[in-house]
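Student: I'd like to go over a predicted model; first the sequence, then the structure.
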Amino acid sequence: MRGTVLYGPRDVRVEERPDPQIIEPTDAIIRLPVTCVCGSDLWPYRGVDPVTQPTPMGHEYVGIVEEVGSAVRTIKPGQFVVGSFFASDNTCEICQAGYQSSCIHRQPGAPTGAQAQYARIPLADGTLVATPDLPPDDLLPSLLAASDVLGTGWFGAVAAEAGPGKTVAVVGDGAVGLLAVLAAKQLGAERIIAMSRHEPRQQLAREYGATDIVTERGDAGVARIKELTDGLGAHSVVEAVGTQESLMQAIRSTRPGGHVGFVGVLHDVAIPGKEFFFSHVHLHGGPAPVRRFLPELIELICNRKINPGKVFDLELPLEQAAAGYRAMDERRAIKALLRS
Ligand SMILES: [Zn+2]
């Protein structure tokens, strides 16, 4: 098969790779008609996360089940399935509590790399959710978004306790931030403030339900959120970046008693203890348990109630994956879809 491999900073290649095989009896092999590049792939791409050996890339996937191992019971060849970046048994106590991304049997969701034509998915029965029917082609981008960026934005909004009567602010205008706006709207938030300085992203945020746009960032961004909320701060803030500046912006934009849902992968962040102590802000986040939300998200997408696939503003053949990385790195694209 063809698959994407990262060799070092800014060195992405699509090359011939071994076809994934069933290794464990709980595995499935799926064929990936579409795949994509994630904002978190940019950490190793930029060399922030060191790349010590050639690494198959991609952890967002949807596809057709080709083959299942002997112990797989519910997932069947021919089904169209959606998974996420961690495989989980969906039966342990942690999974049952809704934290499948901390499953006691957690492992990478697509260890062979999902920016490829095929992938091996461990713990298929626990990890994969089948769609009711084979979806039409135009729903594939949205289902692919459910696999990570939508599920992650949704968790951010849930963790921030977005809901009726709440003012929700979203820090970060990447795909996850934009879809946190969509999630906050679906969860019934009254007012949604998107923090973005990029015109096309502001437009999509508005389409997804943002009522206000704040272009300032850092302290000026915090001051603007306070101005918009009678000096109190937002009830709920989603942090979808993962830097020191963005997390502190989120905490400082939240009113006492409010909630921050943090879903940007934190990199070298330190929270000043005394400031946090006196903030009275709840912090909840981490790697999103996308599996918890997949059945609901698939239903919303298949019934065309939401269109998260609009975050894909660049479409390329898989062979041109490197161009997709470049476009996202240079912020020319929100998110690149790759067709194999
Ligand atoms: Zn589990």
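Tutor: That came in fine, so what should we check first?
Student: and residue 250, which of the three is it?
Tutor: Secondary structure state of residue 250, per DSSP: H, G, I helix; E, B strand; the rest coil, is helix.
Student: Look at it and say how many residues are nearby.
Tutor: 31 (other C-beta atoms under 10 Å). Any C-beta I mention is one placed from the backbone N, CA and C, and that applies to glycine too.
Student: Then residue 50?
Tutor: Other residues close to residue 50 by other C-beta under 10 Å number 9.
Student: Look up the closest residue to it, ignoring the ones flanking it.
Tutor: residue 44 (7.6 Å; C-beta to C-beta, 6 or more residues apart in numbering).
Student: Which elements pack onto the one helix or strand that neighbour maps to?
Tutor: Residue 44 is located in helix 42-45, with elements delineated by DSSP states H and E. If contacts are counted by 3 or more C-beta pairs under 8 Å, 6 or more residues apart in numbering; DSSP states H and E, helix 42-45 sits against helix 321-329.
Student: Give the rounded mean pLDDT of the helix it packs on.
Tutor: For helix 321-329, mean pLDDT is 97.
Student: which residues touch it?
Tutor: Residues outside helix 321-329 that contact it (C-beta atoms under 8 Å, 6 or more residues apart in numbering) are 4, 10, 12-14, 36-37, 39, 41-42, 45-46, 57, 115, 314, 316, 333-336, 338.
Student: Now intersect these with the strands, please.
Tutor: Among those, the residues falling in strands (DSSP state E) are 4, 12-14, 36, 314, 316, 336, 338.
Student: which among those gets closest to the ion?
Tutor: Checking those against the ion by C-beta to the ion gives residue 36 as the nearest, at 25.9 Å.
Student: tally of neighbours for the closest residue to residue 94 other than its chain neighbours?
Tutor: Of all residues not flanking residue 94 in the chain, residue 102 sits nearest, at 5.2 Å (C-beta to C-beta, 6+ apart). Using other C-beta under 10 Å, the number of residues around residue 102 comes to 15.
Student: Give me the pLDDT value at residue 102.
Tutor: pLDDT, read off for residue 102, is 98.
Student: Touching, it and residue 92? I think so.
Tutor: No: between residue 102 and residue 92 there is no contact under C-beta atoms under 8 Å: 9.5 Å.
Student: Can I take it that residue 168 is in a strand?
Tutor: Yes: counting by three-state DSSP, residue 168 is part of a strand.
Student: what's around it, how many residues?
Tutor: When neighbours are counted by other C-beta under 10 Å, residue 168 registers 33.
Student: Tell me the spacing between it and residue 134.
Tutor: In this view, residue 168 and residue 134 are 35 Å apart by C-beta to C-beta, to the nearest Å.
Student: Residue 153: which element?
Tutor: Assignment of secondary structure by DSSP H and E places residue 153 within helix 151-159.
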